[in-house]
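just to be clear, the model below is a prediction. Sequence and coordinates:
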Amino acid sequence: MARIGNASQGRVLVVDQAPLERQALVRELQRAKFDVLEANGYDEALAALDGGSDIIAVVSDCHMQGRSGLELLAEVQRRAPSTFRILYSGSLVERQVQAATRGRVVDAFFSKPWAAGEIAAAIRGVRRLIDG
């Protein structure tokens, strides 16, 4: 797990086992002035979450070895229910996305490739709602 940046928009945890995709998202969030933590998978992500870092959002790829991003976000929901949970994937079918969002495991879903700035904008929007 690596910590990158020191910005004022809040701390976001990015979880993806594909380093190039993870780095692309990290750069996008850093440009949007978020403090970014990285995790390579389920266990690293939960260690970061349990590490006392004030994480406002977890952004995870769906497909990872071992446990999936959906499983990770379900555990995030259990441990830190106020944390905004974003899932992205290139291959989920619509009914899987609807089931995950209906159960509030996932707050937002993005298809790969996502448009530049859209994940950061979603996090900023939720942050504005919370901060009032």
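That came in fine, so what should we check first?

buried stuff in the helix or strand hosting Leu20?
Using DSSP states H and E, Leu20 sits within helix 19-31. Residues 21-22, 24-26, 28-30 are the ones in helix 19-31 that count as buried (16 or more other CB atoms under 10 Å). Where you see a C-beta, it was placed from the backbone N, CA and C, and this is true even at glycine.

quick one: contacts of stretch 61-75?
Contacts of stretch 61-75 with the rest of the structure, by CB atoms under 8 Å, 6 or more residues apart in numbering, involve 15-18, 21, 41-43, 45-46, 58, 60, 85, 87-89, 91-92, 96, 100, 105-106.

change it to 7 Å
Residues outside stretch 61-75 that contact it (CB atoms under 7 Å, 6 or more residues apart in numbering) are 15-18, 21, 41-42, 45-46, 58, 60, 85, 87-89, 92, 100, 105-106.

cool, and stretch 116-129?
Contact partners of stretch 116-129, identified using CB under 7 Å, 6+ apart, comprise 9-10, 12, 25, 28-29, 32, 34, 56-57, 59, 84, 86, 108, 110.

okay, that stretch in CSV with CA atoms only?
The C-alpha trace of stretch 116-129 is given here as CSV (Å, rounded to 0.1, in the frame of the first residue of the first chain):
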residue,chain,number,x,y,z
ALA,A,116,-11.4,11.9,-17.4
GLY,A,117,-12.6,13.7,-14.2
GLU,A,118,-15.9,11.8,-13.8
ILE,A,119,-14.9,9.8,-10.7
ALA,A,120,-13.3,12.8,-9.0
ALA,A,121,-16.5,14.8,-9.8
ALA,A,122,-18.7,12.1,-8.2
ILE,A,123,-16.6,12.2,-5.0
ARG,A,124,-16.6,16.0,-4.9
GLY,A,125,-20.4,15.9,-5.3
VAL,A,126,-21.0,13.6,-2.4
ARG,A,127,-18.5,15.6,-0.3
ARG,A,128,-20.5,18.8,-1.0
LEU,A,129,-23.7,17.0,0.2
